[in-house]
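> Return atomic coordinates for the entry below.
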Amino acid sequence: MNFKNFIKMNKRLFLLIFLFVALFKPLLLAQNFEQLRNNMVEEQLINRKIKSKVVVDAMRTVPRHLFVPQHMQSRAYNDSPLPIGLNQTISQPYIVAFMTEQLELKPGMKVLEIGTGSGYQAAILAHLGCEVYTIELLEELAIRAEKVLKELNYNNVKVKSGDGYLGWPEEAPFDAIIVTAAPEIIPEKLIEQLKEGGKMIVPVGPLFSTQSLKLLTKRNKKIIEKDLIPVIFVPMVKN
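Model prediction:
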């Protein structure tokens, strides 16, 4: 039997195979990403002493792969930061979980994020039930992140493009502030916009070098500062 006759005789079989792949490939991919996400939580977070049940649940639920470029999705749950374009990155999963846990957030809290990036950190905050205000200097990234967040129905997130050093004074004060890019000195305006009793987590240090992740707490109008762990973040740039 020649190849042409074989094809003619098996057209129906090929069509059925094609339909099967078309229908079930998205389901198989979704299951694969879910497994990768569960592995990430168990190996990268729980094994490293991330204890907050709500943070672990958020990291297990939010589809991180949808916040990275399509060609990077297979690596979305790796134990590393990933490029998202425009010389920016999405932070390593452990760092996202660690920073979020340190803030001890509760539903209804008003949170300011400086450095929207991909929108993933904002999604984690939104999943915790917070009212999220996030600022991104690069307008293209802000638009992209806002689109993904809306598609995933994170309607408790407001995104704007602007200078993170200025904060969001119209919406201040905030119960918590999370900064996902590194200034050399903590911006004074962000401290001013932190509510009494509120917490801010921010990487601080020289450009393109190891920085210190700091936790700040405002008490009696004074700042109590605690060094947490060494980190490396992209620099926080002024407009």
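> State the distance from the nearest residue to residue 221 once chain neighbours are set aside to residue 84.
Leaving aside its sequence neighbours, residue 221 sits nearest to residue 196 (Cβ to Cβ, 6 or more residues apart in numbering; 7.1 Å). The way it works is simple: take the backbone N, C-alpha and C, and place the C-beta from them, glycine included. Separation of residue 196 from residue 84 (Cβ to Cβ, to the nearest Å) stands at 35 Å.
> Who has more neighbours out of these two?
Ranked by neighbour count (other Cβ atoms under 10 Å), residue 196 and residue 84 place residue 84 first, with 20 against 9.
> Run through the residues that contact that one.
By Cβ atoms under 8 Å, 6 or more residues apart in numbering, the contact set of residue 84 is 67, 68, 69, 90, 117, 118, 141.
> Contacts for stretch 36-47 next, please.
Contacts for stretch 36-47 (Cβ under 8 Å, 6+ apart): 56, 59, 60, 63, 64, 65, 76, 77, 79, 93, 94, 97.
> Would you confirm that the second one contacts residue 95?
Think residue 59. No. Residue 59 lies out of contact with residue 95 (Cβ atoms under 8 Å); the separation is 11.4 Å.
> what sits in contact with each of these two?
With the criterion set as Cβ under 8 Å, 6+ apart, the contacts of residue 59 and residue 95 do not overlap.
> Would you state the strands of the protein in chain order?
With DSSP state E as the criterion, the chain has strands at 82-85, 88-90, 110-114, 131-136, 157-161, 174-179, 194-204, 211-219, 222-231.
> The ones you listed: which one's closest to residue 151?
Residue 151 sits nearest to strand 157-161 of all these, at 12.0 Å, using Cβ to Cβ.
> List of residues touching the closest one?
116, 119, 122-123, 125-126, 132-139, 142-143, 145-146, 149, 168, 171.
> Out of those, which sit inside helices?
122, 123, 125, 126, 139, 142, 143, 145, 146, 149 (DSSP state H).
> got CSV for the residues you listed, with distance to residue 156 too?
Formatted as CSV, those follow (distance: Cβ to Cβ, whole Å):
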residue, distance to residue 156
122, 10
123, 10
125, 9
126, 5
139, 22
142, 17
143, 19
145, 14
146, 13
149, 10
